[in-house]
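S.K.: Give me coordinates for this.
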Amino acid sequence: VIIGSGPAGLTAALYTARANLKPLLIEGLEAGGQLMLTTMVENWPGFRDGIMGPDLMAEMRAQAERFGTEVIQGNVTAVDITRRPFTIALQDGRRVSAAALIIATGASARWLDIGSDRKLSGHGVSTCATCDGYFFRGKPIAVVGGGDSALEEATYLTRFASKVTVIHRRDTLRASKIMQDKAFRNEKIDFIWDSEVVQVNDTTKGEVTSLVVRNIKTGLERVLDVDGLFIAIGHTPNTGLVKGQLELDSSGYIRTHDGTKTTVPGVFAAGDVQDHVYRQA
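M.R.: Predicted structure coming up:
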């Protein structure tokens, strides 16, 4: 059984189906994973003109099904990996048993939870600089966050953007000193301190035009003209199902060894649920 239908889950399905292991893939609430929230994917090998994220996931699913993967809709609410066969409970009351289990439940990017950020995801708001930075050549953009990820994204985005403004809730950064020094030296990066984004403004076509930024200490608001917003406040691995049953690292990601093996024989983990370094499809 494979839990998760993003790139990792569908790749696992493709390989296990071709190995005649009769995989059953359970889609989950967000079928297709994070690429379903993306518009044009230009860095997937083999598609020189790019491919829409949902279209790519539909192709991957069809390819896995072609070789015999059984795909069912459903949300897994509990797993028991303390004894064999493993059991998986679904929200609708169904129970499935498995000789082996692949967990590919992914990670969820943290959002600002202001409504307009999620609404404009893939249309000027992004959580992945390496995925979407290329679309903002010569344009001013903003990055929200103050950790290593935020500064890494901001520094990377200066390759494309005319200017990158980092917006942080505090007056000091959490990032490592080496990342801070690199960002402070970069002439393209500016900082807005003690502030949060409260609104993303857009045109009728859904193109980002500006942000409303509020100073947390004074309450004063200002409008920042940008063409894009990158949210870099971290990811949350979707490991609630196996917490207490598998070894997790300090950030909640599943620990693996020898590639994808977990601490329980017969249970494997793949993709963003265990990889917090690359975070790529």
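
S.K.: give me phi/psi at the closest residue in space to residue 20 that isn't next to it in sequence?
M.R.: The spatially closest residue to residue 20, leaving aside those adjacent along the chain, is residue 68, at 7.9 Å (Cβ to Cβ, 6 or more residues apart in numbering). Where you see a C-beta, it was placed from the backbone N, CA and C, and this is true even at glycine. When read as degrees, to the nearest 10, the backbone of residue 68 gives phi 110, psi 10.

S.K.: Name the spans of this structure whose pLDDT lies under the cut-off.
M.R.: By pLDDT under 70, the chain contains no weakly predicted segment.

S.K.: For it, just list every one of the helices.
M.R.: Listed in chain order, the helices found in the chain under DSSP state H are 7-18, 53-66, 116-119, 129-132, 148-157, 177-185.

S.K.: what's the closest of those helices to residue 168?
M.R.: Closest to residue 168 of the helices of the chain, according to Cβ to Cβ: helix 148-157, at 7.6 Å.

S.K.: So which elements touch the closest one?
M.R.: In terms of contacts (3 or more Cβ pairs under 8 Å, 6 or more residues apart in numbering; DSSP states H and E), helix 148-157 is packed against helix 129-132, strand 140-144, strand 163-167, helix 177-185, strand 228-231.

S.K.: what would the ones you listed look like in CSV with distance to residue 20 and mean neighbour count?
M.R.: Putting these into CSV (distance: least, Cβ to Cβ, whole Å; neighbours: other Cβ atoms under 10 Å) gives the following:
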stretch, distance to residue 20, mean neighbour count
helix 129-132, 35, 22
strand 140-144, 47, 26
strand 163-167, 50, 23
helix 177-185, 47, 14
strand 228-231, 43, 26
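
S.K.: Just put those in CSV and tack on distance to residue 50.
M.R.: Formatted as CSV, these follow (distance: least, Cβ to Cβ, whole Å):
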stretch, distance to residue 50
helix 129-132, 11
strand 140-144, 20
strand 163-167, 24
helix 177-185, 30
strand 228-231, 18
